[in-house]
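[1] Need coordinates for the below:
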Amino acid sequence: MVSGTRAPHTIAVTAESLHKDLARLELQKQALERELAAVVAHLGSVQRALSAIEALMRDTTAAAPANAQAQADLPAAEDAVHSEASASADTDADADADRQRKYGQLTEQILEYFATVGQADVRARDVAAALGRDTDSGSINAVRSTLDRLVGTSRIRRTGRGLYRAKRS
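    Have a look, this model is predicted:
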C-alpha cells in the first residue's frame with residue numbers, strides 16, 4: 001500500500017517540475033524571439049547597404065568618367081552603412097537597457113504589492129493582474145518566475161502550490 005500513497009505525490013512532484021520547465025522554456029523562447037528579431041533587422045540593413053554599394057559599383061563600371069564621382073560617393077555610402085548599423089546597434093542596446101529596467105521594475109513592483117497586501121496568500125495570476133501584467137501567458141509567467149526568484153532569495157514566502165505571501169518583518 002505504500003506505493004499507492006506515493007503515486008499521487010510523485011505525480012504532483014512531476015507536474016510541479018514540468019510547470020517550472022514550462023515557465024523557463026517560455027522565457028527562453030521569448031528571449032530567442034527577441035534575438036531573432038534583432039538579427040532579422042540587422043540582416044535587412046546589411047542587405048540594403050549591400051544593394052546600394054552594388055548599384056554604385058555597376059554605375060562606376062558602366063561609365064568610366066562617372067568613376068571619379070562613384071569614388072567620391074563611396075565614402076558617403078559607407079558612412080550610411082555604418083550609421084545604419086550603428087543605429088541598429090543603438091536600438092538593440094536601448095532595448096536591452098529597457099528590458100533590464102523593466103526586470104528591476106517588476107521585482108520592485110511585486111515587492112511593493114506584497115507590502116500592501118500584508119499577510120494574505122496571493123496567487124501569481126492575482127499579482128500579475130494587480131500589476132497589469134495579465135494580458136498573456138508570457139507576462140504571467142514572467143511574474144511567476146520573478147516570484148520564484150524572490151522566494152529563492154527569501155524576500156517572499158511560498159505558502160502552498162502557487163501561493164505566495166510577504167515575509168514577516
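
[2] what about residue 61, how many neighbours?
    11 (other CB atoms under 10 Å). C-beta coordinates here come from the backbone N, C-alpha and C atoms, glycine included.

[3] pLDDT score for it?
    If you check residue 61, the pLDDT there is 75.

[4] Could you check how far it is from residue 54?
    11 Å (CB to CB, to the nearest Å).

[5] by contact count, what packs against the top helix by length along the chain?
    When the chain is parsed with DSSP state H, its longest helix is helix 2-62. Judged by 3 or more CB pairs under 8 Å, 6 or more residues apart in numbering; DSSP states H and E, the packing partners of helix 2-62 are helix 66-117, helix 137-152.

[6] any idea of the angle it forms with helix 137-152?
    120 degrees (axes from the mean of the first three to the mean of the last three CA atoms, to 10 degrees).

[7] Listing request: residues of the chain with sub-threshold pLDDT.
    1-5, 37-41, 62-104, 169 (pLDDT under 70).

[8] one more time with 80
    Applying pLDDT under 80 to the chain flags the ranges 1-7, 30-46, 60-104, 169.

[9] Run a quick neighbour tally on residue 152.
    Neighbour tally, residue 152, other CB under 10 Å: 10.

[10] no no, residue 168
    6.

[11] how close does it sit to residue 138?
    With CB to CB as the criterion, residue 168 and residue 138 are 32 Å apart.

[12] now residue 23
    10 Å.

[13] Please identify which of the two sits among more neighbours.
    residue 23 (19 against 14).

[14] just checking, that one touches residue 143?
    No - assessed by CB atoms under 8 Å, residue 23 is found out of contact with residue 143, at 10.0 Å.

[15] any common contacting residues for those two?
    When CB atoms under 8 Å, 6 or more residues apart in numbering defines a contact, no residue borders residue 23 and residue 143 alike.

[16] Next, give phi and psi for residue 161.
    When quoted as degrees, to the nearest 10, the phi and psi of residue 161 stand at phi -60, psi 110.

[17] The residue nearest to it when sequence neighbours are not counted: how many residues sit nearby?
    Nearest residue to residue 161, sequence neighbours excluded (CB to CB, 6 or more residues apart in numbering): residue 16, at 7.3 Å. When neighbours are counted by other CB under 10 Å, residue 16 registers 12.
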